[in-house]
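Asker: 3D model of this:
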Amino acid sequence: GECGFDDVLGRCTSSDYLHGFRSFPSGHASSSVGPLLHTSLRLMSAFRIGHVPFRLSLGASDLAIEFDGLLTLLCLLPTFLAAWIAASRVFDNAHHPADVVGGALIGGSAADETTARVKRAEADAAQSAAAALLRALPKDKQRAAALELLRGCPPGTAGAILADFSGEEMAAMSRDATPEEHAKLLAELTREDPAKAAAFLAALSPEKSGAALSLLVADANDGADAFGVSEAERFALFGAAPASALENVKPPTALGTMCASTLTPAQAAEVLGRLSPSAAAAALEGMSGEEVRQVLEASAAASAAAGR
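Answerer: Sure, this is the predicted structure:
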């Protein structure tokens, strides 16, 4: 037959037939789509396509020309070139369409991953530079800058930058912050590094740390999710929070309600187990009888496992 089937070997032996299996995926498609698509994505990021309109003002007049569409087209030129290279492999009968599609998918995946890693590296570098600049400011200007970060920047910015500082430094810079701002910073630090959030709480006075935690507790109990803290992050924060901060949550019953509604019995037992007996009893009043039973059983099981 056309494939040169060998009855003894039980397989095709034609060189043309075997060569067809070596054509997948197209190396030209993957090696062109990868770098050229990455170039397009970087150009679109540099010009902030889709985020900030690019305008050219004409002198002192009110006339302005928007270049979003033209810039997008120019940014995509490398991608169009990659598509032409990939398509030419089919037109030149060097590859089947499936070979080219497979190669393009490999190149596209590589471009997407590379672009994402570059963006993460740039963001980390920008945060480190911002932290270094903040550290170089006088103390009074540090406090003012930290408050501006909390009040004026997108969510997550303040936490990402201030996480480079110690708990004592963060507490000093946020000395004039409101309880709401302390709670916002606490939530952002928790998303960055729960240990940093715990260090920040430990550096605040028990009253200030308790007020910030009270707002997070109320947010969890109301289901408002204003601070964007997930259940896993909430346990990481409250599980590492100083006992003095937990004991200053107002009202104490709200802490028990939060533990029962958003944590597992074992997690709730771990959090409440860090309180003094009187403070733990006050928190348990915020739970139903069945919830209290589950928490006490989880606490007893944990104590037995630890050999206490």
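Asker: Quick one: residues in contact with stretch 242-259.
Answerer: Here stretch 242-259 makes contact (Cβ atoms under 8 Å, 6 or more residues apart in numbering) with 198, 201-202, 204, 206-207, 209-211, 213-214, 217-218, 220-221, 234, 238, 267-268, 271-272, 274-276, 279, 282-287, 295. Yep, even glycine has a C-beta here, placed from its N, CA and C like the rest.
Asker: Among those, which lie within helices?
Answerer: Taking DSSP state H as the definition of helices, the contacts of stretch 242-259 contribute 198, 201-202, 206-207, 209-211, 213-214, 217-218, 220-221, 234, 238, 267-268, 271-272, 279, 282-284, 295.
Asker: rewinding a little: just the buried members of the contacts of stretch 242-259?
Answerer: The neighbour-count test (16 or more other Cβ atoms under 10 Å) marks 198, 201-202, 204, 206, 209-211, 213-214, 217-218, 220-221, 234, 238, 267-268, 271-272, 274-275, 279, 282-284, 286-287, 295 as buried among the contacts of stretch 242-259.
Asker: Show residues contacting the strand or helix carrying His28.
Answerer: In this structure, His28 is located in helix 27-46 according to DSSP states H and E. Contact partners of helix 27-46, identified using Cβ under 8 Å, 6+ apart, comprise 50, 72, 74-79, 81-83, 85-86, 88-89, 94-95, 99-104, 106-108, 110-112, 114-115, 118-119.
Asker: Surely Asn221 touches Leu215?
Answerer: No - with contact defined as Cβ atoms under 8 Å, Asn221 does not reach Leu215; the gap is 10.9 Å.
Asker: Which helix or strand in this protein has the lowest average pLDDT?
Answerer: In the chain, the helix or strand scored least confidently by mean pLDDT, DSSP states H and E is strand 64-66, which has a mean of 47.
Asker: For the helix or strand just after it, name the packing helices and strands.
Answerer: Downstream of strand 64-66, the first helix or strand assigned by DSSP H and E is helix 68-75. If you count contacts as 3 or more Cβ pairs under 8 Å, 6 or more residues apart in numbering; DSSP states H and E, helix 68-75 packs onto helix 27-46.
Asker: Centre of the chain to the helix it packs on, how far?
Answerer: 25 Å (Cα atoms, centre = their mean, to the nearest Å).
Asker: now stretch 87-99
Answerer: Between the centre of stretch 87-99 and the centre of its host chain there is 40 Å, according to Cα atoms, centre = their mean.
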